[in-house]
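Engineer: Could you look at this predicted model? Sequence included:
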Amino acid sequence: MHEFSVMSEIVKSILEEANKRHATRVEEVDLQIGEYTMLGEEQMRFSYEVLAKDTILQGSKLNISQVNGRIRCKCGFEGEVSPPEDSLHKVVPMRECPKCAEVAEIIEGRECIIRNIRMVVPDV
Ligand SMILES: [Zn+2]
C-alpha cells in the first residue's frame, strides 16, 4: 500500500520533531495532501492509526486537507484544473490542458506536507 510507506515517513518526521522538543505527547497533526499525490485519505488515516500505536502519537487527531493541483501547458495555460463534480473522477485528477487537451506538466499538488503539529511539551 502506497499510503502506508508515505505515512511511515510522515510519522517518522513527526516523531523526530517531537523528540527534538522533548514532547511527551502529540495531540494534533495537520497534513496537507496535494491532489496529484494519489494518496487516499481513508488509507492515510488507517496507516496513521496503525503507525501511531504505542508511540506518543497514539490517540492524536489527524487533520487532512486536500490541495488543488496546478498544471502548466506548452500552449501557455497555467492553473488549476477544476475536477469534475462526481467523486468517481476526483480519484484520478485531470492532467489534460483545458485549452488544447495536451497532457500538461504538473507544477503543484504533488506534495504531502506536515503543516502543523500540536504537542505537549513539559515546562522545564
Ligand atoms: Zn495547452
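Structural biologist: Alright, I've got the coordinates. Numbering: from 1, shown residues only.
Engineer: hang on, isn't Leu51 packed against Ser5?
Structural biologist: No. Using CB atoms under 8 Å, Leu51 makes no contact with Ser5, being 10.6 Å away. Using the backbone N, CA and C atoms, a C-beta is placed for each residue, glycine as well.
Engineer: Next secondary structure after the lowest-mean-pLDDT helix or strand in the chain?
Structural biologist: Here the helix or strand of the chain ranked lowest by mean pLDDT, DSSP states H and E is helix 87-90, holding a mean of 52. Per DSSP states H and E, helix 87-90 leads on to strand 105-108 as the next helix or strand towards the C-terminus.
Engineer: before we move on, back to that, please identify which of Leu51 and Ser5 sits among more neighbours.
Structural biologist: Under the criterion of other CB atoms under 10 Å, the comparison of Leu51 against Ser5 puts Leu51 first, with 20 against 10.
Engineer: In contact with the more buried one, which residues?
Structural biologist: 4, 7-8, 11, 57 (CB atoms under 8 Å, 6 or more residues apart in numbering).
Engineer: secondary structure class for it?
Structural biologist: For Leu51, the assignment made with DSSP: H, G, I helix; E, B strand; the rest coil gives helix.
Engineer: Please apply the same query to the one 5 residues further on.
Structural biologist: Three-state secondary structure (criterion: three-state DSSP) places Ile56 in coil.
Engineer: Tell me the spacing between it and the ion.
Structural biologist: Distance, Ile56 to the ion, using CB to the ion, to the nearest Å: 48 Å.
Engineer: what about Arg118, helix or strand, and which?
Structural biologist: Element membership of Arg118 [criterion: DSSP H and E] is strand 112-120.
Engineer: List the buried residues in that strand.
Structural biologist: For strand 112-120, burial by neighbour count (16 or more other CB atoms under 10 Å) applies to 112, 117, 119.
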